[in-house]
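Colleague: Here's my sequence, what's the structure:
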Amino acid sequence: MRFKIVLVFLLLLTAAVFYLFLCWKLSDGKILVWLRLPEALVAFSFGGILGVTGVVYQGVLKNPLASPYILGVSAGAAFGATVAAFFSFPVVFGSVLGSLASVFLLVLFSAVYRTSTEILLFGVGMNAFLSSLILFLYAVMPSSTVQDALFFTLGFISPQPLKFSALLFLLSLLALFILFPFGKWVDALSLGELGLLSGVRFEREGIILLVLSALFVSLFVGVVGIVGFVGIVVPHIGRLLGFRVSNYLMPVSFLIGGVLLLFSQFLARTLVYPTVLPVGAVTAIVGVPLFLYVLWREGRA
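Modeller: Prediction:
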């Protein structure tokens, strides 16, 4: 019953935020169809993906601070996309390869060091290393492309064709429907040694979940860039609402993540209007206090 009530509330909140974003200072119907609606679809889709993959990463790695951003998966995707752009290859292709390489290194390291804290620290180190490599590439890039590359690092939702934005939205729904049946795997892996009794192991099911999540995140990183903190805080918001089982937490996190990133994009448009800020900078401003609260809450627990 609680799930239905919260779901209805989140759907109403989603509709309200969509209406606010679409109709804010709207002067022409063409702006709605060709600019606002595609932008809203991309923001909501990416936020939903980050929310769902945050649930997966925190469960599989048994760490409340795990997310594709913290563990270097987003940085790997951004590095791959930057290298691809530098050599004039398809950006999305480079993003997928970069994220999968990051997951491979993460899994390889986890075979040596089993504790979630050590895996998290390795991901943080890999994130910093890849970020420094991205900055190195910016230094040797032509000056005409540095600004675009910098916006990519900060996460910038640029105008996309309506059909392409709708395709990304359908892709985010596909990701939710693919990962949703594996909620029992996530719950079993989050139990640690107790989860072994169910037959679910990190070496098999855990790696499959990490790779699938990285694949979906990388597709969006190749379009938008790096957006941090959404994947960390959104699952915790869902848990604060009373949802602990992944089969309930995933769809709730999808809606919360979509609303959060869509509202962040609205703030990016309105804070210093008419200048549009990178949405990654806005999510960092909003997400850091929530991230610190999660640290404080987990420390007390």
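Colleague: Please point out which parts of the helix or strand containing L100 sit buried.
Modeller: L100 belongs to helix 91-110 when assigned by DSSP states H and E. For helix 91-110, burial by neighbour count (16 or more other C-beta atoms under 10 Å) applies to 91-92, 94-103, 105-107, 109-110. Using the backbone N, CA and C atoms, a C-beta is placed for each residue, glycine as well.
Colleague: cool, and stretch 123-142?
Modeller: G123, M126, N127, L130, S131, I134, Y138, M141.
Colleague: Any idea how far it is from the middle of the chain?
Modeller: How far stretch 123-142 lies from its chain's middle: 19 Å, per C-alpha atoms, centre = their mean, to the nearest Å.
Colleague: picking up where we left off before, figure out how far the helix holding L100 is from the centre of its chain.
Modeller: That offset, for helix 91-110, works out to 15 Å (C-alpha atoms, centre = their mean).
Colleague: Renumber starting at 35 from here on
Modeller: Fine by me, first position is 35 from now on; the one you just mentioned is helix 125-144.
Colleague: Which strands or helices does that helix pack on?
Modeller: Here helix 125-144 touches helix 107-120, helix 150-174, helix 241-258, going by 3 or more C-beta pairs under 8 Å, 6 or more residues apart in numbering; DSSP states H and E.
Colleague: residues making contact with it?
Modeller: Residues outside helix 125-144 that contact it (C-beta atoms under 8 Å, 6 or more residues apart in numbering): 102, 105-119, 153, 156-157, 160, 164, 236, 241, 244-245, 248-249, 251-253, 255-257.
Colleague: Can you say which of those residues are buried?
Modeller: Neighbour-count burial (16+ other C-beta under 10 Å) is assigned, among the contacts of helix 125-144, to 102, 105-119, 153, 156-157, 160, 164, 236, 241, 244, 248-249, 251-253, 255-257.
Colleague: average model confidence for stretch 81-89?
Modeller: Throughout stretch 81-89, pLDDT has a mean value of 94.
Colleague: cool, stretch 127-142 as well?
Modeller: The average pLDDT within stretch 127-142 is 84.
Colleague: which residues touch the residue nearest in space to the middle of the chain?
Modeller: Nearest to the mean C-alpha position of the chain, by C-alpha atoms, centre = their mean, lies L84 at 2.6 Å. For L84, the contacting residues are S101, P102, Y103, V251, V261, V264, G265, V268, G291, L295, by C-beta under 8 Å, 6+ apart.
Colleague: Swap in 6 Å and give it another go.
Modeller: For L84, the residues meeting the contact criterion (C-beta atoms under 6 Å, 6 or more residues apart in numbering) are V264, G265, G291.
Colleague: Quick check: the closest residue in space to the last one that isn't next to it in sequence vs A145, distance?
Modeller: For G291, the nearest residue in space outside its immediate sequence neighbours is G85; the separation is 2.6 Å by C-beta to C-beta, 6 or more residues apart in numbering. With the distance defined as C-beta to C-beta, to the nearest Å, G85 ends up 28 Å from A145.
Colleague: Neighbour count for these two, which is higher?
Modeller: Counted by other C-beta atoms under 10 Å, G85 and A145 do not tie: G85 has more neighbours, with 32 against 9.
Colleague: In three-state terms, label that one for me.
Modeller: helix (DSSP: H, G, I helix; E, B strand; the rest coil).
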